[in-house]
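In: Next come a sequence and a model predicted from it.
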Amino acid sequence: MKVLLQIILTGIIVLVLSNLLGGVYVSDFFTAIVVAAILALLNIFVKPILLILTLPVTVVTFGLFLLVINALIILMADGLVDAFRVDGFWWAVLFSILLSFLQSIIFSVAERSGRRR
């Protein structure tokens, strides 16, 4: 249940960010949910492989290369979902930063409100 709620919340964030950022396009809410699910799967299966392959560069850049890896994950999702489009690498970086920031805020608020019950 928690994973489903996180995917729905991420879908809402994706939809909001697509309306705020000029270089990110999502056709509708269902597509945003699909993008959220694809991003979750890519983060589970592809991101660890990329982290291992780029570990020396990540260490040398003090972890800043993780921004590039996150942008690549966003661009992979762009290639997998037809109704989701990101206009370039820098839009993917900005989208990734904002998505991570908003997810951390919303997930922590949701977790706190769940603990109060």
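Out: Noted; the coordinates are in hand.

In: Who are the packing partners of the helix or strand of the chain with the lowest mean pLDDT?
Out: Counting by mean pLDDT, DSSP states H and E, the chain has its least confident helix or strand at helix 89-116, which shows a mean of 91. Helix 89-116 sits against helix 2-20, helix 65-80, with contacts defined as 3 or more Cβ pairs under 8 Å, 6 or more residues apart in numbering; DSSP states H and E. C-beta here means a position set from N, CA and C on the backbone, and glycine is covered the same way.

In: what's the spacing between the next helix or strand after the shortest one and its chain's center?
Out: Which is helix 65-80. Sequence-wise, the next helix or strand downstream of helix 65-80 (DSSP states H and E) is strand 84-86. Mean C-alpha position of strand 84-86 versus that of the full chain (Cα atoms, centre = their mean, to the nearest Å) differs by 12 Å.

In: show me what contacts residue 96?
Out: If you count contacts by Cβ atoms under 8 Å, 6 or more residues apart in numbering, residue 96 has them with 67, 70-71, 73-74.

In: distance of it from residue 1?
Out: 26 Å (Cβ to Cβ, to the nearest Å).

In: How far off centre is the least confident helix or strand of the chain?
Out: For helix 89-116 - counting by Cα atoms, centre = their mean - the centre lies 9 Å from the chain centre.

In: tell me which residues in that helix are buried?
Out: 91-96, 98-99, 102 (16 or more other Cβ atoms under 10 Å).

In: before we move on, back to that, and of the contacts of residue 96, the nearest to residue 29?
Out: Compare each of the contacts of residue 96 with residue 29 using Cβ to Cβ and the shortest gap goes to residue 74, at 18.7 Å.

In: Just give the nearest non-adjacent residue to the closest one, would you?
Out: Sequence neighbours aside, residue 92 is the residue nearest to residue 74 in space, at 4.2 Å (criterion: Cβ to Cβ, 6 or more residues apart in numbering).
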